[in-house]
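Participant: Pasting the sequence and the predicted coordinates here, then a few questions.
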Amino acid sequence: MTDIRFRWMTIEDIDSVMAVEEESFTVPWRREAFENELMINQFAKYLLLEVEGEVVGYCGLWLIMDEAHITNVAVVPRLRGHKLGEALMKKVVKLAIETGAKTMTLEVRVSNHIAQSLYRKLGFSDGGIRKNYYSDNQEDALVMWVNFK
């Protein structure tokens with residue numbers, strides 16, 4: 001995997017992002033959710049991860065004043081374990097800082113220890129629990145935060 005690129009998502013990318021979404025989640029977001037994020041939500045930005053010209057991951061974030069909130073992040077299952085998720089998150093953190101973010105937050109399943117480990121590696125700390133956060137199985141979410149210096 002030598003040709004790795006990042007770029008902002010456009011409305012034309014929704015089919016590619018939907019493919020990643022459907023491979024990655026038991027309850028994927030609907031197309032309309034991504035359309036609304038791109039066309040209506042002035043705070044939303046989505047960074048795409050491309051390998052060899054194929055969209056294989058993405059990260060959504062809301063930039064509200066000096067706070068960045070990760071809404072969702074995914075890498076296709078066949079490419080997990082190759083540090084692509086880490087590269088994507090590092091790029092998102094860098095871009096958030098460049099736009100003036102002083103903090104970043106996200107929610108992660110309490111059972112997703114791999115993702116939690118990555119987030120901790122990037123400086124995130126545990127901030128609390130959102131009970132029954134996930135609609136597919138009512139699993140709790142761990143809220144994580146990082147403050148940028």
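Facilitator: Looks like it came in fine.

Participant: got the phi/psi numbers for residue 29?
Facilitator: With angles defined as degrees, to the nearest 10, residue 29 sits at phi -60, psi 150.

Participant: The residue lying closest to it once chain neighbours are set aside: which element?
Facilitator: Using Cβ to Cβ, 6 or more residues apart in numbering and skipping residues adjacent in sequence, the residue nearest residue 29 is residue 21, 5.7 Å away. To be clear about C-beta, it is placed using only N, CA and C from the backbone, and glycine gets the same treatment. If you go by DSSP states H and E, residue 21 is part of helix 14-24.

Participant: which is the next helix or strand following the longest strand along the chain?
Facilitator: Ordering each strand of the chain by length in residues (DSSP state E) puts strand 54-64 first. Once the chain leaves strand 54-64, the next helix or strand it forms, by DSSP H and E, is strand 67-75.

Participant: pretty sure residue 16 contacts residue 55?
Facilitator: Yes - under the criterion of Cβ atoms under 8 Å, residue 16 makes contact with residue 55 at 3.8 Å.

Participant: what touches both of the two?
Facilitator: residue 48 (Cβ atoms under 8 Å, 6 or more residues apart in numbering).

Participant: of those two, who's got more company?
Facilitator: Taking neighbours as other Cβ atoms under 10 Å, residue 16 and residue 55 compare with residue 55 leading, 20 against 16.

Participant: beta partners of the more buried one?
Facilitator: Beta-bridge partners of residue 55, counted by DSSP bridges, are residue 50.

Participant: Next one: it, what pLDDT does it get?
Facilitator: For residue 55, the pLDDT comes out at 98.

Participant: what's the answer for residue 117, then?
Facilitator: pLDDT recorded at residue 117 is 96.

Participant: Many thanks, I have nothing further to ask.
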